[in-house]
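Asker: Build the 3D model from these lines:
(one chain, ligands or ions: 2)
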Amino acid sequence: MSFRIGQGFDVHRLAEGESLWLGGVLIPHNKGTVAHSDGDVLIHAICDALLGAVNLGDIGVHFPDNSPEFKNIDSKILLKKSWQLVKQKGFEIVNIDSTISAQQPKLKPYIPDMVSTMAKVAGIEPAQISVKATTTENLGFEGREEGISALAVVLLQKK
Ligand SMILES: Nc1ccn([C@@H]2O[C@H](COP(=O)(O)O)[C@@H](O)[C@H]2O)c(=O)n1
Ligand SMILES: C[C@@]1(CO)OP(=O)(O)OP(=O)(O)OC[C@H]1O
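Answerer: Ligands and ions are numbered 1, 2, ... in the order given. The predicted structure follows:
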């Protein structure tokens, strides 16, 4: 049995008139993320953690942000593709843990939906994915509501 660990971090700027996708779920809010894709900062951090665990670079390497192919792409597709690249190397997901840093909106009500949505995309059990949320107590870019960040850690195993 071998194990690999990976971590990912992503940030997107917030602006009015944009959509806020987090963990594959559309969150009602007066601001959304500015991005080449749908700007799902949580899924991007999870993709980077998966790819990083097997030394495959990051999502920008596989899905460049200047490629028309990925313009406004649903990040659930990027999660599926990232997981396929990792799975091809013979790994299974043990668990994923993640944290979203956002001053607003209150994300707790949407977390179960994010977990079940991402679990379905990755073909794993909801119990294998943890999503948490924190404010930054009004400090920094998240605290000023200029942006949202997300951190993810994954553990993989190969039998
Ligand atoms: N955008 C957010 C941020 C936080 N939460 C939940 O509130 C709890 C308290 O947050 P603090 O930053 O004050 O520690 C946190 O543990 C989350 O459960 C949230 O739902 N949405
Ligand atoms: C997802 C991609 C591709 O559409 O673009 P963005 O949505 O801008 O996201 P980012 O986290 O900056 O990096 C990866 C990109 O390649």
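
Asker: Run through the residues that contact the nearest residue to residue 70 once chain neighbours are set aside.
Answerer: Nearest in space to residue 70, with sequence neighbours left out and distances taken as C-beta to C-beta, 6 or more residues apart in numbering, is residue 63 at 4.8 Å. No exception for glycine: its C-beta is placed from N, CA and C like everyone else's. Taking C-beta atoms under 8 Å, 6 or more residues apart in numbering, we find residue 63 in contact with 37, 69, 70, 73, 78, 81.

Asker: cool, and residue 57?
Answerer: residue 51.

Asker: Switch the contacts of residue 63 over to JSON lines; also include distance to ligand 2 and neighbour count.
Answerer: Below are the contacts of residue 63 laid out as JSON lines (distance: C-beta to the nearest ligand atom, whole Å; neighbours: other C-beta atoms under 10 Å):
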{"residue": "37", "distance to ligand 2": "3", "neighbour count": "21"}
{"residue": "69", "distance to ligand 2": "8", "neighbour count": "7"}
{"residue": "70", "distance to ligand 2": "3", "neighbour count": "20"}
{"residue": "73", "distance to ligand 2": "5", "neighbour count": "17"}
{"residue": "78", "distance to ligand 2": "6", "neighbour count": "22"}
{"residue": "81", "distance to ligand 2": "11", "neighbour count": "14"}
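
Asker: got a pLDDT number for the residue nearest to residue 70?
Answerer: At residue 63 the predicted local distance difference test score is 97.

Asker: so the residue lying closest to residue 35 once chain neighbours are set aside bridges to which residues?
Answerer: Sequence neighbours aside, residue 12 is the residue nearest to residue 35 in space, at 5.2 Å (criterion: C-beta to C-beta, 6+ apart). Beta-bridge pairing of residue 12, defined through DSSP bridges, involves residue 148.
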